[in-house]
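Colleague: structural data only, the sequence is not supplied:
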């Protein structure tokens, strides 16, 4: 947020499940005090990525893909179908693991329902450091 302020940039994230009827109903119940006051929130993200070995060699880049553009600021590396389309989640260079990928969706509900802003504390449990660039546990 501070960088966005300093650089006069606008940032945004979209969460597709924010628009679902079930989410809207939960927000309605919480905000109408139907469940009583909420004093603490815990969010679990149980997706696990990084079960693939690191690609040892690249293959030709598909003609329809501008791979250098897709890489962006990431250190150049040979193309592998292990990165694209959806497998980017397995690698720290392209994603931040399950918390970064799903955390925003799961944390959206309490954030919205309780009209929260910046958290006071954040704690991550059960997470050894990544190995071989993989977003994996264990």
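Modeller: Arrived safely, thanks for sending. The shown structure was predicted, so the numbers you read here are calculated from the model rather than taken from an experiment.
Colleague: roughly how far is stretch 107-124 from the heart of the chain?
Modeller: Its chain's average C-alpha position is 15 Å from that of stretch 107-124, according to CA atoms, centre = their mean, to the nearest Å.
Colleague: before we move on, what about stretch 44-62?
Modeller: Relative to its chain's centre, stretch 44-62 lies at 16 Å (CA atoms, centre = their mean).
Colleague: what lies in contact with stretch 68-77?
Modeller: Residues from elsewhere that reach stretch 68-77 (CB atoms under 8 Å, 6 or more residues apart in numbering): 58, 84, 93-94. Quick note: C-beta positions are derived from backbone N, CA and C, even for glycine.
Colleague: mind giving me the ChimeraX command for buried ones among these?
Modeller: Selection of the buried residues among the contacts of stretch 68-77 in ChimeraX, burial being defined by 16 or more other CB atoms under 10 Å:
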select :94
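Colleague: flag the shaky bits of this structure, pLDDT-wise.
Modeller: Per-residue confidence for the chain (pLDDT under 70) gives these ranges: 50-52, 126-132, 134-138.
Colleague: now do the helices in this structure.
Modeller: 2-6, 21-31, 67-71, 97-113 (DSSP state H).
Colleague: pick the most buried one from those.
Modeller: With neighbours defined as mean count of other CB atoms under 10 Å, the helices of the chain peak in mean count at helix 97-113, which reaches a mean of 18.
Colleague: chain center to that helix: distance?
Modeller: Counting by CA atoms, centre = their mean, helix 97-113 is centred 8 Å from the centre of its parent chain.
Colleague: next, the angle from that helix to helix 21-31.
Modeller: Counting by axes from the mean of the first three to the mean of the last three CA atoms, to 10 degrees, helix 97-113 lies at 50 degrees to helix 21-31.
Colleague: what's helix 97-113 in contact with?
Modeller: Where contact means CB under 8 Å, 6+ apart, the residues beyond helix 97-113 that reach it are 13, 15-18, 23, 26-27, 30-31, 38, 41, 43-50, 89, 95, 116, 124, 130, 135.
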